[in-house]
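**Student:** sequence-free structure coming up:
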């Protein structure tokens, strides 16, 4: 039974933690100059003011720092953590780009895209490095990520780190 808990819950959490850190850090450490520098794609902003240079850098650093800590126990996770952090940031930015191009205002929620965009791309970026969680571990993360994302955003809103609770 202990092996199952490790494969289904513990390893998947350790594995995805750099992506979670990369996705959450911009809320705490972001702000400042917009990542798109005010540039437009056609007539619409690329990302908008809510995606900042400092936030993207903070996300990458947070994900890598988690990976460095994890690599003390699992050395192979260092490169995976970099890929997870980059993928999480890319997925979040892609979601923002899609929403801006669709004419949605910053803070507008799009179910699945907001909760899972960072997650999907983190896994895609890390896929070439192997050592993925088992199918059951992946399903555990899938079931955890949506509600955890919502809870984290509600907390960030209550702490005045986010304007909207989603």
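**Tutor:** That came through, no problem. Nothing here was measured: the structure is a model prediction, and the numbers come from that model.
**Student:** drop to CA atoms for contacts and neighbour counts, all remaining ones
**Tutor:** Will do.
**Student:** so which residues make contact with stretch 98-114?
**Tutor:** Stretch 98-114 is contacted from outside by 41, 44-48, 50, 92, 95, 146, 163-164, 166, using Cα atoms under 8 Å, 6 or more residues apart in numbering.
**Student:** give me the buried stretch members for that stretch, please.
**Tutor:** In terms of neighbour count (16 or more other Cα atoms under 10 Å), stretch 98-114 has its buried residues at 99-101, 106, 113-114.
**Student:** also stretch 51-70?
**Tutor:** Neighbour-count burial for stretch 51-70 [16+ other Cα under 10 Å]: 51-68, 70.
**Student:** do stretch 115-128 as well
**Tutor:** 115-126.
**Student:** now, these that are in helices?
**Tutor:** 115-126 (DSSP state H).
**Student:** now render the residues you listed as CSV, adding pLDDT.
**Tutor:** Converted to CSV, these look like this (pLDDT from 0 to 100):
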residue, pLDDT
115, 92
116, 97
117, 96
118, 97
119, 98
120, 97
121, 98
122, 98
123, 98
124, 98
125, 98
126, 98
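**Student:** how about stretch 142-149: buried residues?
**Tutor:** Neighbour-count burial for stretch 142-149 [16+ other Cα under 10 Å]: 145-146, 149.
**Student:** what sits up against that stretch?
**Tutor:** Contacts for stretch 142-149 (Cα under 8 Å, 6+ apart): 112, 115-116, 119.
**Student:** center of the chain - which residue?
**Tutor:** residue 23 (3.0 Å; Cα atoms, centre = their mean).
**Student:** could you verify my assumption that that one touches residue 118?
**Tutor:** Yes - using Cα atoms under 8 Å, residue 23 is in contact with residue 118, at 6.9 Å.
**Student:** which residues are common contacts for the two?
**Tutor:** 88-89, 92.
**Student:** ranges for the helices of this protein?
**Tutor:** 2-5, 11-29, 53-70, 77-101, 113-126, 135-158.
**Student:** turn the contacts of stretch 142-149 into CSV, including distance to residue 139.
**Tutor:** Below are the contacts of stretch 142-149 laid out as CSV (distance: Cα to Cα, whole Å):
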residue, distance to residue 139
112, 15
115, 15
116, 13
119, 12
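**Student:** before we move on, back to that, mind picking the two most distant members of the buried residues of stretch 98-114?
**Tutor:** The most widely separated members of those, counting by Cα to Cα, are 101 and 114 (15.2 Å).
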